[in-house]
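Enquirer: show me the folded form of this:
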Amino acid sequence: MSRSRFRADLSVAAVRCLAALALATFVASCGERQQHAAAPPPPTVTVSKPIKRTLFDYDEYVGRFTAVNSVEVRARESGYLDTVDFKDGQIVKLGDLLFTIDKRPFQNTLDQARANLEQAKSNVVYTKADLDRGAQLVRDKTITDQVYEQRAQAYRNAVASVTANEAAVRQAELDLEFTELHAPITGRIGDRRVSPGNLVTGGTTGNTTLLAIIVSIDPIRFEFTFDEAAFLRYERMAKLGHDVASRGAGVKVALKLIDETDFGHEGRMDFIDNVIDPSTGTIRGRAQFANPNGLFTPGMFARIRVPASPPYEALLVPDAAIGTEQVRKFVLVVDADDTVRERYVTLGQTTSDGLRAIKDGLGPDDRVIVAGLIRARVGQKVKPVQEGASPAQPAAAAGAAQKPK
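Expert: Next up is the predicted model:
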């Protein structure tokens, strides 16, 4: 190969190499421009400041309702049951007629007692007249003093007989009155335990016949038990002047039934027992609730919420804004540079409107991400929008409102 031809081939190869290098550089620069052009904007998230509210911690216990008054209706007199004057399960008022026992034997006894009383009164009139005549005769020495004393004794016996017969009449009237059994309290009566025509045993002994049971409805009590540690905590806070569930404090409590989600029924503590049960280590507490519509029934289970701390100012965020990292809880906040930061927090109680109290780890001016959490990453820039504002509102204006002066 000639030297001139070798030089020509070398020049062509060099030109081709330079062209390929230029083409690669051009393609790389185009890719970089495409990457810069395809970079997404910062994600939009909704932020909100924590809400300030006065709260208190609480404990929850399970218990059951008990009637304020419960009465077993039993007969005071024995006899055959004549009538039943109520419907099973109805509401009865104080003084309503419930049962009637056959009155005829008791009416006969009363009539006889009244007749004996009239006879005793007649005897008093006779002996009084006889005694008055004897007083003149003894002055005239017509009768002896002994005869006069006999007449005086007869008069005193007649007066005593009147007193005894008056008592017998009152007892007979009372026995006749007891043949009608009236409601001793206002409340709901159960079913009749004895049907008309059956013999009823009355009196004050333990073998009397149970006829029905009445329980009061409004108000109603709720009894529950709590452990010794909780009792000591309540008592110590009460001695510091805090209005919590101490003995006789009468503080407000809340209750919910087994089919309810909110503690929507309010009542007041009215009693704590004077001893701790040694077998369980618990003590009995009691609260009282209004029950005008009769919804609460004795024996019904429910859950009660009792204050467990003095009132305190708390910061609240939506419960959905709280994340979990193993055993730690955190919230995502947006700092002054619109960068997402993670804040570990200590949680408090949950409110009925879905907010969670934050005891530690969060400030009142922090912007907490409450929506768009799935788009937020720690250390990432975001576009914060204040809760309630339009997403089109400039993020800089929203962020400027959060920066301290």
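
Enquirer: got a pLDDT number for the closest residue to residue 356 other than its chain neighbours?
Expert: Spatial nearest neighbour of residue 356, excluding adjacent residues (C-beta to C-beta, 6 or more residues apart in numbering): residue 319 at 4.4 Å. Where C-beta positions appear, they are placed from N, C-alpha and C, glycine not excepted. Here the pLDDT value assigned to residue 319 is 85.

Enquirer: who is the residue nearest to residue 378 when sequence neighbours are not counted paired with across the strands?
Expert: Nearest residue to residue 378, sequence neighbours excluded (C-beta to C-beta, 6+ apart): residue 342, at 5.0 Å. Beta-bridge partners of residue 342, counted by DSSP bridges, are residue 332.

Enquirer: residue 342 - how many residues pack around it?
Expert: Look at residue 342: counted by other C-beta atoms under 10 Å, it has 14 neighbours.

Enquirer: same question for residue 111.
Expert: 12.

Enquirer: list the contacts of it.
Expert: Contacts of residue 111 were listed using C-beta atoms under 8 Å, 6 or more residues apart in numbering, and none were found.

Enquirer: now do the strand or helix carrying it, average pLDDT.
Expert: If you go by DSSP states H and E, residue 111 is part of helix 104-139. When pLDDT is averaged along helix 104-139, the result is 90.

Enquirer: and if you look at stretch 60-73?
Expert: The model assigns stretch 60-73 a mean pLDDT of 94.

Enquirer: and it, how far apart are its ends?
Expert: 37 Å (C-alpha to C-alpha, to the nearest Å).

Enquirer: any idea which helix or strand comes after the helix holding residue 111?
Expert: helix 145-177.

Enquirer: hmm, back to that, quick one: the helix holding residue 111 to helix 145-177, angle?
Expert: Counting by axes from the mean of the first three to the mean of the last three C-alpha atoms, to 10 degrees, helix 104-139 points 160 degrees away from the direction of helix 145-177.

Enquirer: follow-up on the earlier one: I figured the residue nearest to residue 378 hits residue 334, correct?
Expert: No: contact between residue 342 and residue 334 fails when scored by C-beta atoms under 8 Å: they sit 11.4 Å apart.

Enquirer: the residue nearest to residue 378 and residue 362, how far apart?
Expert: Distance check for residue 342 against residue 362: by C-beta to C-beta, to the nearest Å, it reads 12 Å.
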